[in-house]
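Peer 1: Sequence plus predicted model, see below.
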Amino acid sequence: MRSRGLVVALAVLLAAAAAAAVVLYTNGVKQDAESGGTLTTVIVATGDIPANTNLDTLIDSGGFKELNLPDEAVVDGAVTSLAELRGQTTTAPIVANEQLTTSNLSSGEQVAGGILGISKGHIAVTVKLNAPQGVNGAVQRGDNVSVFATFTSVKVIKGGTLAQLVHGTSPSSTTGGTSQDLPDFTATIIPTVRVLDVVNPSIDATTGDTVGDSVTLTLDLTPKEAQDLILAGQLGTPYVGLLPPGEEGTQIPASTVPVKLLLGKLAA
């Protein structure tokens, strides 16, 4: 019995010594961090914040907290006081415990290309397609795609303009033009374009079935490509084809007639 008591007492002493060692080690690490390098106070969000959120209400309700970090862990442009957030609106989503930066605020200097990363001289245009037309959810942000369009029941006005074709205006007597029906055809509208953003159908975790029947793509287009895509959506049915990584599409001739008959002034 005495030996068992000695064993228990020894175990208690060893446990107490181990606990004391952990406390001493933790305090030592903290002191080393504070004495060995400078700490910077940064502001982090206590919860997720959507884009386009006015921050004044969140400040008043305690939606932010201060966090002391070593200098090397502080990101560029980090917000260091709540005063910097007054009157500001978020320009991008912010997740809980993420360091806030001035680039994510309405008054901050925006990164090149904005939140979508639009190429210089380009514009972002969004198009919503039925799932099969949008590769059924396989397209991801940053992918390259080719854009096609199928045209049916098209009438060309010889000697007329594209505006006459769109609005169905009869050729005037001054142009002496006549209309002509074209056979159905498919044409390459944009050989290669980068996907800036995408909303694909979701997958039901239980059944594995696709939920939703549409794909929404935001594309990085030149102004001319944007015009062509919008017009194709008015006159025909757009489709996108997913290109292999790093590859570009080609301008394939239209299946029946040149696409320039539709996307530009019609030849006399």
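Peer 2: Nice, thanks for sending it over.

Peer 1: Spit out the contact partners of Asn130.
Peer 2: The contact partners of Asn130, taken as Cβ atoms under 8 Å, 6 or more residues apart in numbering, are Asp213, Ser214, Val215. Backbone N, C-alpha and C define where each C-beta goes, glycine included.

Peer 1: Buried ones among those?
Peer 2: Val215 (16 or more other Cβ atoms under 10 Å).

Peer 1: can I get the contacts of Asn130 in TSV with pLDDT, secondary structure and distance to Thr89?
Peer 2: Shown next, in TSV, are these (pLDDT from 0 to 100; DSSP: H, G, I helix; E, B strand; the rest coil; distance: Cβ to Cβ, whole Å):
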residue	pLDDT	secondary structure	distance to Thr89
Asp213	85	coil	34
Ser214	90	strand	30
Val215	92	strand	30
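
Peer 1: ok, the contacts of Asn130 vs Val79, which is closest?
Peer 2: Distances from Val79 to the contacts of Asn130, taken as Cβ to Cβ, are shortest for Val215 (36.4 Å).

Peer 1: Phi and psi next, for the spatially closest residue to that closest one that is not a sequence neighbour.
Peer 2: Among residues not flanking Val215 along the chain, Gly134 sits closest, at 2.8 Å (Cβ to Cβ, 6 or more residues apart in numbering). Main-chain dihedrals, Gly134, degrees, to the nearest 10: phi -110, psi 30.

Peer 1: Relative to Ile230, how far out is Gly134?
Peer 2: The gap separating Gly134 from Ile230 is 17 Å, by Cβ to Cβ, to the nearest Å.

Peer 1: more neighbours, those two?
Peer 2: Gly134 (25 against 14; other Cβ atoms under 10 Å).

Peer 1: List the backbone torsions phi and psi for Asn136.
Peer 2: Here is the backbone geometry of Asn136 (degrees, to the nearest 10): phi 50, psi 40.

Peer 1: residues near Ile43, how many?
Peer 2: Other residues near Ile43 come to 20 when the count uses other Cβ under 10 Å.

Peer 1: tell me the SS of it?
Peer 2: Under DSSP: H, G, I helix; E, B strand; the rest coil, Ile43 falls in the strand class.

Peer 1: Would you map the helices across the chain?
Peer 2: Along the chain, the segments classed as helices by DSSP state H run 2-36, 56-60, 162-167, 223-235.

Peer 1: For Leu129, list each beta-bridge partner.
Peer 2: Here Leu129 sits in beta bridges with Val215, going by DSSP bridges.

Peer 1: is it true that it touches Asp213?
Peer 2: No: distance between Leu129 and Asp213: 10.1 Å, which falls outside the contact criterion (Cβ atoms under 8 Å).

Peer 1: roughly how far apart are Val198 and Gln140?
Peer 2: Here Val198 is placed at a distance of 6 Å from Gln140 (Cβ to Cβ).

Peer 1: Can you pick out the residue with more neighbours from these two?
Peer 2: Set Val198 next to Gln140 and count neighbours by other Cβ under 10 Å: Val198 wins out with 21 against 10.

Peer 1: need the contact list for the more buried one.
Peer 2: The neighbourhood of Val198, defined by Cβ under 8 Å, 6+ apart, consists of Val139, Gln140, Arg141, Val215, Thr216, Leu217, Thr218.

Peer 1: For the residues you listed, which entry has the maximal number of neighbours?
Peer 2: Neighbour counts for these, by other Cβ under 10 Å, peak at Leu217, which reaches 26 neighbours.

Peer 1: just checking, that residue touches Gly134?
Peer 2: Yes: using Cβ under 8 Å, Leu217 makes contact with Gly134 at a distance of 6.4 Å.

Peer 1: the strands in the protein, which residues?
Peer 2: Along the chain, counting by DSSP state E, strands occupy 39-45, 64-70, 123-130, 144-151, 154-157, 179-182, 185-199, 202-203, 210-211, 214-221, 237-242.
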